[in-house]
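Student: just the structure for this:
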Amino acid sequence: MPATPARILVVQPSWVGDAVMATPTLRALRSLYPQAEIAYLLRRYVKPIYTGMPWADRLLTYRTGKTRAKAGKGLFDLAARLRSAKFDMAILLPNSFQSALICKMAGIDKIVGYDRDGRGFLLSDKLLPQKDRGKFVPFPIVRYYMGLVQYLGSHDRDLSMQLFVTPSERRAACDVFARAGLDPELERPAAQGRAPLILLNPGAQYGAAKCWLPEYFADLADRLHTELGATVLLSGSPKERAIIAAIQSHVKHAPIDLSTKGLSLGALKEITRRCDLMVTNDTGPRHIAAAFGVPVVTVFGPTHPEWTEINFDKERKVAVKVFCGPCQKKTCPLDHRCMTRVTPQMVFDTALELLPGRQPAPTVAAV
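Tutor: Residues are numbered from 1 along each chain as shown. So this is what the prediction gives:
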């Protein structure tokens with residue numbers, strides 16, 4: 001019987017959505033090694049995803065340098081930090097070469113990860129990803145990560161994602177609502193007679209090809225407001241300000257732009273938890289909604305749904321089949337037909353399926 005590791009390092013993904021999809025694995029790892037000291041290594045900007053989690057003893061954050069010299073120095077400094085912690089085992093969730101190199105430089109003997117990105121020689125325990133004719137087979141990331149802890153002996157099959165909200169994040173969300181002119185304690189489910197609270201997430205860090213058209217989001221926002229009486233919120237990062245501005249230039253009834261109200265990732269968790277519905281592209285907040293059990297409509301375009309399949313029963317995917325997709329490209333080289341052919345009517349009708357008892361206002365036929 002191999003010795004049970006006393007100190008475990010888990011190298012975490014850099015994308016918000018992937019970080020959320022890692023939570024079933026992190027929960028299973030804690031159950032497998034209840035007495036071990038478990039630390040997560042993560043980039044600073046994604047830390048709010050992990051705050052409040054009961055499965056880690058420490059969160060170790062780092063930043064990447066802007067220049068090659070700074071990045072190199074940062075790599076050695078980080079390896080030195082990890083070496084001093086004397087970890088017995090490292091589990092690599094991301095496929096990057098650098099994640100394996102850092103752990104090797106830190107002197108960690110047991111390094112577990114998938115044999116990707118040319119890093120196999122750095123790993124002590126190599127898992128082989130599925131391939132067909134030399135190409136990676138689309139495989140749900142949530143199951144991909146779970147394969148690592150199952151390799152170590154876990155029999156856990158629970159793939160449900162789970163997030164937590166800290167008291168400070170709740171206060172931050174209340175402050176955002178107050179600055180937006182909303183009741184700071186606004187909460188789901190919608191009370192009898194209360195209009196639904198719907199969050200639109202129009203951006204995507206992956207690339208422009210993932211984004212549904214701003215004018216379509218604007219049309220949807222107007223219909224949700226006019227026909228359902230919904231309170232419509234817009235979320236977005238500073239990098240997504242152009243998308244939000246484009247939506248606002250097309251709407252007749254301006255939604256509440258939370259990105260100008262001090263919205264942080266931690267506050268977004270709590271605000272998402274309070275909403276009755278989210279409409280989003282295939283991006284990180286989609287997974288945040290699912291982790292809190294919030295119904296979500298996801299518009300899919302160039303990305304293969306199988307990679308991010310989460311089997312969430314309150315999610316509805318909206319997509320159209322096109323000859324060129326799913327292409328996985330960040331920028332469309334053609335006419336973006338996978339997104340332009342997903343109409344606001346399609347998304348609105350799908351949203352109604354997830355809002356029990358909600359029907360659009362009756363229309364009067366012209367005579």
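Student: tell me where the chain has strands.
Tutor: Listed in chain order, the strands of the chain (DSSP state E) span 7-11, 37-43, 58-62, 89-92, 110-114, 125-127, 131-132, 135-136, 197-201, 231-234, 256-257, 277-281, 296-299, 315-318.
Student: mean pLDDT lowest for which of these?
Tutor: Lowest mean pLDDT within the strands of the chain: strand 131-132, at a mean of 78.
Student: for His336, give me its contacts.
Tutor: Listed by CB atoms under 8 Å, 6 or more residues apart in numbering, the contact partners of His336 are Ala209, Gly301. The way it works is simple: take the backbone N, C-alpha and C, and place the C-beta from them, glycine included.
Student: recalculate using a threshold of 7 Å.
Tutor: Taking CB atoms under 7 Å, 6 or more residues apart in numbering, we find His336 in contact with Ala209.
Student: then Asp125?
Tutor: By CB under 7 Å, 6+ apart, Asp125 lies in contact with Lys110, Val112.
Student: for it, name its beta-bridge partners.
Tutor: For Asp125, the beta-bridge partners are Val112 (DSSP bridges).
Student: quick one, domains of the chain?
Tutor: The chain breaks down by automatic domain parsing into domains covering 7-151, 167-353.
Student: Asp158: which of the ones you listed is closest?
Tutor: Nearest of those to Asp158, taken as CB to CB: domain 7-151 at 6.0 Å.
Student: what's the span of that closest one, first residue to last?
Tutor: End-to-end span of domain 7-151 (CA to CA, to the nearest Å): 18 Å.
Student: try stretch 264-282
Tutor: 20 Å.
Student: and it, which residues are buried?
Tutor: Using 16 or more other CB atoms under 10 Å as the test for burial, stretch 264-282 gives 265-282.
Student: need the domains of the chain in TSV with distance to Arg157, can you?
Tutor: Listed next are the domains of the chain as TSV, based on distance: least, CB to CB, whole Å:
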stretch	distance to Arg157
domain 7-151	8
domain 167-353	12
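Student: quick one: which of these is nearest Ser160?
Tutor: Within the domains of the chain, the stretch nearest Ser160 is domain 7-151; the backing value is 6.4 Å (CB to CB).
Student: residue contacts, Leu213?
Tutor: Taking CB under 7 Å, 6+ apart as the test, what Leu213 contacts is Met339, Thr340.
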